[in-house]
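[1] Sequence and predicted structure below; questions after.
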Amino acid sequence: MLQLHRWLPLSALLAVWLVGCAKPEPELEPDAAAATEPQGALQALLESKKQLALEVVTAMTPETLSEQARQGQQLFASYCADCHPRRGRGDYLKRIPATLLARRSEAELVVWIRGVDQHRSMPNFVDLDPGQLEALAAFLAAEVTR
C-alpha cells in the first residue's frame, strides 16, 4: 500500500500534464478578413513594396558615386573595412560618428585620415598619396549623403 501512495500523486500529476498540454488543431481555413481582402489591393501593395526596395538598392549601388568616390570605395575596402565594415560605421572597433563625417569638409577628412591626431587608436595612413586620400574622403563624404 505504501508503494501505491508513492506513485499515485506522480501518476495524477503526469495525467494532468498530458491533458493540459494538448494543443488545439491549427485552422487550415483562411480567416474572414484575409478572405474578403480584394486581390487587387494586395497586388498593388506588393508592387509598391517591390518598387521601394528597387529604389533603395539602386540608390546604394556604386553607379551613384563619382569616379573619385568609386576609387575611394576601393581604398576603403582595402584599408578601412576590416575595422569599419557596413559603410564605415565601425561595427568592430571604434564607430565613426555620422556627425564626424557630416560636419567635416573633404579637406578636413583628408587630415583626419592622414592621422594628424596621434591620440587615437586608428592607424596613420602615411602610405596613401594625396590623390588617394582625397578619393577616400570623397567616398566618405558621399556615404553621408546616401
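    Structure received.
[2] neighbours around the closest residue to residue 136 other than its chain neighbours, how many?
    With sequence-adjacent residues excluded and distances taken as CB to CB, 6 or more residues apart in numbering, residue 136 is closest to residue 72, at 4.3 Å. Heads up, the C-betas are built off the backbone N, CA and C, glycines and all. Residues lying near residue 72 (other CB atoms under 10 Å) number 28.
[3] and residue 72, what is it in contact with?
    If you count contacts by CB atoms under 8 Å, 6 or more residues apart in numbering, residue 72 has them with 134, 135, 136, 137, 138, 139, 140, 142.
[4] could the residues you listed go into a markdown table alongside secondary structure and distance to residue 67?
    As requested, the contacts of residue 72 are exported to a markdown table (DSSP: H, G, I helix; E, B strand; the rest coil; distance: CB to CB, whole Å):
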| residue | secondary structure | distance to residue 67 |
| --- | --- | --- |
| 134 | helix | 12 |
| 135 | helix | 9 |
| 136 | helix | 14 |
| 137 | helix | 14 |
| 138 | helix | 9 |
| 139 | helix | 11 |
| 140 | helix | 16 |
| 142 | helix | 11 |
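[5] hang on, the earlier thing: sort out which residues of the strand or helix carrying the residue nearest to residue 136 are buried, please.
    The secondary structure element spanning residue 72 is helix 67-79 (assigned by DSSP states H and E). Residues 68, 69, 70, 71, 72, 73, 75, 76, 79 are the ones in helix 67-79 that count as buried (16 or more other CB atoms under 10 Å).
[6] Report the contact partners of the closest residue to residue 65 other than its chain neighbours.
    By the measure of CB to CB, 6+ apart, the closest residue to residue 65 outside its immediate chain neighbours is residue 142, 5.5 Å from it. If you count contacts by CB under 8 Å, 6+ apart, residue 142 has them with 65, 66, 69, 72.
[7] Of those, which is the nearest to residue 41?
    residue 65 (38.0 Å; CB to CB).
[8] is it true that that closest one touches residue 73?
    Yes. Contact between residue 65 and residue 73 holds when scored by CB atoms under 8 Å: they sit 6.4 Å apart.
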